[in-house]
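K.L.:
Let's see this in three dimensions:
(one chain, ligands or ions: 1)
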Amino acid sequence: MTRVNIAIMTYEGSNFNTYKGDVINVIPPQKAGKRAFAAGLTKGNGCPVNKNSFEFKIHKNIHVLGAASNATKMPKSEYSANIPAKARASAIVQQFNDLDPLTPSYQNTCDGIIGKDYGISASMTYKYNKVKNMILPVEGAGGTTAVNASAENQKRESHYAYGWYNNITQDIFA
Ligand SMILES: Cc1cc2nc3c(=O)[nH]c(=O)nc-3n(C[C@H](O)[C@H](O)[C@H](O)COP(=O)(O)OP(=O)(O)OC[C@H]3O[C@@H](n4cnc5c(N)ncnc54)[C@H](O)[C@@H]3O)c2cc1C
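P.N.:
You can find the predicted model right below:
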């Protein structure tokens, strides 16, 4: 998407065609900030980091987390920005104590509320793979809400989504 005209609800695609929508959900590029690019601190869309420590490859003892880092195959979500941040805090403490970083599991869940008592989600667990030197999905440790989920499961998913939102906002701002 290259341009949006809210007044007439149109957007221009990267092919320069114009499309019209009743609802247009604009997702900005999830990458490192302009200053990181301007300062030559990026490779591809983000800052290059060691995959098991998130330590910045260009400057030692600096850890780059969240959308700015290009460490993982995890989706660029708040969920997957938040958990590695905590894991890195733990790794920094390990480093201060001359210990190796632990190898945590990371979790990502994208929740959606699509109606009253109707939630859906897509979930996956990730772990650092030493051989491939990447954070990769753990086979069988994730999934999505079934299309024909029962009313009880839809309600439970909605409960989980609000639960996550309440927890993360408490965690960050409380
Ligand atoms: C429309 C939309 C919907 C989303 N929905 C979800 C969702 O439902 N669930 C979910 O888990 N994730 C969701 N995400 C993704 C989530 O918002 C991001 O993955 C997450 O915010 C990344 O966190 P971050 O801290 O790495 O970066 P950011 O949240 O982008 O934080 C970077 C901060 O740095 C500041 N900054 C930039 N440059 C400078 C500078 N030079 N000096 C000082 N400050 C600076 C910015 O203002 C910003 O506050 C959504 C994203 C979008 C765009």
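
K.L.:
For Y128, which non-adjacent residue is spatially closest?
P.N.:
Distances taken as CB to CB, 6 or more residues apart in numbering place N52 nearest to Y128, at 4.7 Å, with adjacent residues excluded. The C-beta positions use only the backbone N, C-alpha and C, and glycine is treated the same way.

K.L.:
err, P29, not the other one
P.N.:
N45 (7.5 Å).

K.L.:
For the residue nearest to Y128, the count of nearby residues, please.
P.N.:
Look at N52: counted by other CB atoms under 10 Å, it has 20 neighbours.

K.L.:
Could you measure from it over to G44?
P.N.:
19 Å (CB to CB, to the nearest Å).

K.L.:
quick one on the thing from earlier: tell me who's in contact with the residue nearest to Y128.
P.N.:
101, 103, 128, 130, 133, 135 (CB atoms under 8 Å, 6 or more residues apart in numbering).

K.L.:
The last one belongs to a strand, doesn't it?
P.N.:
Yep, that's I135 we're talking about. Yes: according to DSSP: H, G, I helix; E, B strand; the rest coil, I135 belongs to a strand.

K.L.:
Surely it touches N108?
P.N.:
No: in this structure I135 lies outside contact range of N108 using CB atoms under 8 Å: 10.7 Å.
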